[in-house]
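> Take a look and give me a structure for this.
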Amino acid sequence: MAGKKKSRPVVTGLVLLALVGTSGYLTVELRKQEDPGITEVRNVGVLEGGRSTGESEGKATWSRLENPARSVLRGADGQIKAVFTDGARMATLTGPARTFQEPASTASKVSTTDWVRLMPEKWTKGAENKKWFKDWYAEYKDSKEDDVFAFAFQYVAGAPDKKDEQGVVYAGDANFGPLNTTGAEGGDLRLEQSDFYDFLQVPYPFRDGTVGQPEAKRARSIDCSGFMRMVLGYRARFPLMSSDASGDGLPRTANGMARSKVGVDILPLTGISAKDRPSAIDQLQPGDLVFFKLDTRTGERLDHVGMVLGHDTEGHLIFVSSREEVNGPTIGDVGGVSRLDGNGYYAKTLRSAKRL
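Predicted coordinates:
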């Protein structure tokens, strides 16, 4: 689910610039203020730290950190090369700088050296000595192959179509969902429930034997959870459930994802009310899934999900999600700025986060 939207601006999509910079989540601490929308930004240097285990890989050194438990790989210069979280397949690697922006919807620009990829197995302490990891890291440590951020921005407004060998359009400018023509009072402008296979317009066989059947009216559409399933599941190959109740992997809805045992809870869900808003957002890192409570009509259910992209050039922590207001994937400001810090609409409605 997502918030309300009215129209979709024309956006140029992803712009990649060769900028030199350091990951926002490692260099900036954000402190929330009482006044709506105001955030104090303080440069505090590298936040990562910890005692070295003495293990090394050539000139690289491994350290162990807690909250959450993770292994950090540093180069000979002491700079972070990668972060691996216990129980998670999602890894953050340091690579060439990129800038993601959506100028028709927001002035925010996220310049980052973070590349987020899924490992073939969950990380455990000492996995740096395992063959599976050594093989995987050797392949991806310097790779410029598309990561989950690149995948995500292949669906924003203006993104060009990409076709596979069978001619199926698997990426391109995506809608949130078809227009709601029921005319029901209080109804949303656009319909939810568009999954990744609706965008693709091909049946998708799930591992539990269920086959997802696309609806023609939902062609080129992915709602908020459908967008995450497209990026992380169909594109990055994380296992997908056919619903919230059947199969294994990433559930169908934002609520199912937030309440499932899949992944590692970084900001544990304690409740859905305003008092349950998590405060320790400095624990978030690029690639984390963030969950929101936007709509009172959904009762106890969380109703929106996005992915942490990083800090923008003004120091605000930005996420990307598929939203009704902009009719598709966005980091834009229409219907509420895509910031997790401060006291804006999405910052106030944040309830939990997890790392796959």
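
> Tell me where the model's unsure across the stretch 101-250 of the chain.
In the predicted model of the stretch 101-250 of the chain, residues 180-190 satisfy pLDDT under 70.

> Where do the strands of it begin and end?
Ranges of strands within the stretch 101-250 of the chain are 109-118, 162-163, 169-171, 204-205, 211-212, based on DSSP state E, counting those that start in this stretch.

> Now do the contacts for Pro203.
Applying CB atoms under 8 Å, 6 or more residues apart in numbering, we find Pro203 in contact with Tyr197, Val211, Gly212, Gln213, Pro214. C-beta: built from backbone N, CA, C; applies to glycine.

> Which residue, other than its chain neighbours, is closest to the fourth one?
Across the structure, with CB to CB, 6 or more residues apart in numbering as the measure, the residue nearest Gln213 apart from its sequence neighbours is Pro203 (5.6 Å).

> I'd like to know which of the contacts of Pro203 are buried.
For these, a burial check counting by 16 or more other CB atoms under 10 Å picks out Tyr197, Gly212, Pro214.

> about what we covered before: identify whichever of the strands of the stretch 101-250 of the chain lies nearest to Glu324.
strand 169-171 (20.8 Å; CB to CB).

> residues contacting Val337?
Here Val337 is in contact with Gly37, Thr106, Ser108, His316, Gly344, Tyr345, Tyr346 (CB under 8 Å, 6+ apart).

> What about these, which are in helices?
Of the contacts of Val337, the ones assigned to helices by DSSP state H are Tyr345, Tyr346.

> any chance of the contacts of Val337 in CSV, plus distance to Gly226 and neighbour count?
Converted to CSV, those look like this (distance: CB to CB, whole Å; neighbours: other CB atoms under 10 Å):
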residue, distance to Gly226, neighbour count
Gly37, 29, 13
Thr106, 22, 20
Ser108, 24, 22
His316, 26, 23
Gly344, 24, 19
Tyr345, 22, 17
Tyr346, 19, 24
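
> Nearest to Arg237 among the contacts of Val337?
So of these, ranked by how close each gets to Arg237 (CB to CB), first place is Tyr346, at 28.4 Å.

> So the closest one is in contact with Lys293, correct?
No - Tyr346 is not in contact with Lys293 according to CB atoms under 8 Å; the separation is 10.7 Å.

> how much space between the residue nearest in space to the middle of the chain and Arg64?
Note on the chain: the residue nearest the mean C-alpha position is Met307, at 1.9 Å, using CA atoms, centre = their mean. Plainly put, Met307 is 26 Å away from Arg64 if you go by CB to CB, to the nearest Å.

> Specify the beta-bridge partners of Leu240.
Leu250 (DSSP bridges).

> Neighbours of it, how many?
Leu240 is flanked by 24 other residues according to other CB atoms under 10 Å.

> cool, Gln283 as well?
16.

> cool, and the one 10 residues further on?
Burial of Lys293, expressed as a neighbour count using other CB under 10 Å, amounts to 26.

> my guess is it meets Thr270, correct?
No - Lys293 is beyond contact range of Thr270, at 11.7 Å (criterion: CB under 8 Å).

> CA atoms of stretch 221-230 as CSV?
Coordinates of the C-alpha atoms in stretch 221-230 are reproduced here as CSV (Å, rounded to 0.1, in the frame of the first residue of the first chain):
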residue,chain,number,x,y,z
SER,A,221,2.3,-1.5,-12.5
ILE,A,222,4.0,-2.4,-9.2
ASP,A,223,2.7,-1.3,-5.8
CYS,A,224,5.0,-0.6,-2.9
SER,A,225,5.6,-4.3,-1.9
GLY,A,226,5.4,-5.4,-5.5
PHE,A,227,8.3,-3.0,-6.3
MET,A,228,10.4,-4.5,-3.5
ARG,A,229,9.6,-8.0,-4.8
MET,A,230,10.5,-7.0,-8.3
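
> Buried residues, it. List them.
Buried residues in stretch 221-230 (16+ other CB under 10 Å): Ser221, Ile222, Asp223, Cys224, Ser225, Gly226, Phe227, Met228, Arg229, Met230.

> show me the contacts for the fifth one.
Neighbour list for Ser225: Met1, Asp195, Pro251, Arg252, Thr253, Ala254, Gly256, Met257, Val305 [criterion: CB under 8 Å, 6+ apart].

> ditto for the fourth one
Applying CB under 8 Å, 6+ apart, we find Cys224 in contact with Met1, Ala2, Phe176, Ala254, His304, Val305, Gly306, Ser321, Ser322, Arg323.
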